[in-house]
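*Asks:* sharing a sequence plus its predicted fold:
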Amino acid sequence: MRIGELSRRTGVSERLLRYYEQQGLLRPERLPSGYRAYHASDVAVVRRIRALLAAGLSTATISQVLPCLRDDGEHLVPTCPDLLGELRAERDRMTSAIEELELSRSLLDRVITAGQTGMGRTAMG
C-alpha cells in the first residue's frame, strides 16, 4: 500500500509517517518509481509506535524496544528478556521527572500565593 493509504488506515499524517521512517521506526520498500510501499503489517507497527509515544517514550527509545514487542489483543507484550528492565528504567526516569516538576510547581505556587497576599497588603496599605 502507498503512504496515503497507510495514513488513512492509521489516522497518522503522511508527514509523521515519513518522520517515523527517518527515525528508523518504519521501513517501507521503495518501488522503482520512488514511491514507498508499505505492508499491511505496518498498520499494526504504526499503532504500536503511537501507543509507545502516548506512553511517553522518545522515538529513539521506541526504535530500540519496537522489535521486542508484540500485540496481544489490547496490550503490548515484551518478547525480549532485557526489555522489562529497560522499560522499568524508563519509568523510573519519568517518575523522577514528575517529582521534579511537582516540586517546581509547589515552589511556584508559594510565589503566587505570596504575591497574592503581598499585593493585597500593598493595595490596602
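*Replies:* Received, thanks.
*Asks:* show me the shaky parts of the chain.
*Replies:* Confidence mapping of the chain against pLDDT under 70 gives the ranges 120-125.
*Asks:* which residues in it form strands?
*Replies:* 29-30, 36-37, 69-72, 75-78 (DSSP state E).
*Asks:* give me the distance between Leu83 and Leu76.
*Replies:* As for Leu83, its distance to Leu76 is 10 Å (criterion: C-beta to C-beta, to the nearest Å). Every residue, glycine included, has its C-beta placed from N, CA and C.
*Asks:* distance between the ends of stretch 75-91?
*Replies:* 17 Å (C-alpha to C-alpha, to the nearest Å).
*Asks:* mind listing what's buried in that stretch?
*Replies:* Across stretch 75-91, burial judged by 16 or more other C-beta atoms under 10 Å covers 76, 83, 87, 90.
*Asks:* over to stretch 29-37?
*Replies:* Of the residues in stretch 29-37, those buried (16+ other C-beta under 10 Å) are Arg36.
*Asks:* can you check stretch 60-80 too?
*Replies:* Neighbour-count burial for stretch 60-80 [16+ other C-beta under 10 Å]: 61-62, 65-66, 68-69, 76.
*Asks:* how long is that stretch end to end?
*Replies:* Termini of stretch 60-80 sit 18 Å apart (C-alpha to C-alpha).
*Asks:* of all the strands of the chain, which lies closest to Ala97?
*Replies:* Nearest to Ala97 among those is strand 75-78; the distance by C-beta to C-beta comes to 21.9 Å.
*Asks:* what pairs with that closest one, and is each one parallel or antiparallel?
*Replies:* Using DSSP bridges, the strands paired with strand 75-78 are strand 69-72 (antiparallel).
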